[in-house]
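Student: Next come a sequence and a model predicted from it.
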Amino acid sequence: QVQLVESGGGLVQAGGSLRLSCVASGMFYSINDMGWYRQPPGNQRELVAGITRGGVINYADSVKGRFTISRDNAKNTVYLQMNSLKPEDTAVYYCKAEISRGYPYKDFDSWGQGTQVTVSS
């Protein structure tokens, strides 16, 4: 069993900052890619930022220059620093991790339960 637990969401005014954390625990060999997704009200889930185990990063165009993703492999943790928040950033934020259990098991994706981020204007 693998669990991802997010924290750090909340209510913030436009222009403010929040830092999300996601910790993975359970039985696994290693974590490959990690990422943050969000689902605004009435919309589909979308990628916000991703980071490989080696540190290669990609961002959605809408958050470039404002959000920073990072990870601590020793702590099985991924972070999302969100600055200059806008009302359109309001969403439930989910972390995802690609879990490796080693040969002969197949890698699989594990998701957190989500954390609400609300940005008021």
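Tutor: Perfect, thanks for sending it. Numbering: from 1, shown residues only.

Student: Tell me which residue lies farthest from the centre of the chain.
Tutor: Ranked by distance from the centre of the chain (Cα atoms, centre = their mean), the top residue is Pro104, with 27.7 Å.

Student: Now name the helix or strand holding the residue nearest the centre of the chain.
Tutor: Taking Cα atoms, centre = their mean, the centroid of the chain lies closest to Trp36, which sits 2.5 Å from it. Assigned by DSSP states H and E, Trp36 belongs to strand 30-39.

Student: I would like the residues contacting that strand, please.
Tutor: Residues from elsewhere that reach strand 30-39, judged by Cβ atoms under 8 Å, 6 or more residues apart in numbering: 20, 22, 24, 45-53, 69, 71, 73, 76, 78, 80, 89, 91-100, 102, 107, 114, 117. Any C-beta I mention is one placed from the backbone N, CA and C, and that applies to glycine too.

Student: Now the buried members of the residues you listed.
Tutor: In the contacts of strand 30-39, burial by neighbour count holds for 20, 22, 24, 45, 48-51, 69, 71, 76, 78, 80, 89, 91-100, 114, 117, counting by 16 or more other Cβ atoms under 10 Å.

Student: Where do the strands of this structure begin and end?
Tutor: Ranges of strands in the chain, per DSSP state E, are 2-7, 10-13, 18-26, 30-39, 46-51, 57-59, 67-72, 77-82, 91-100, 108-111, 115-120.
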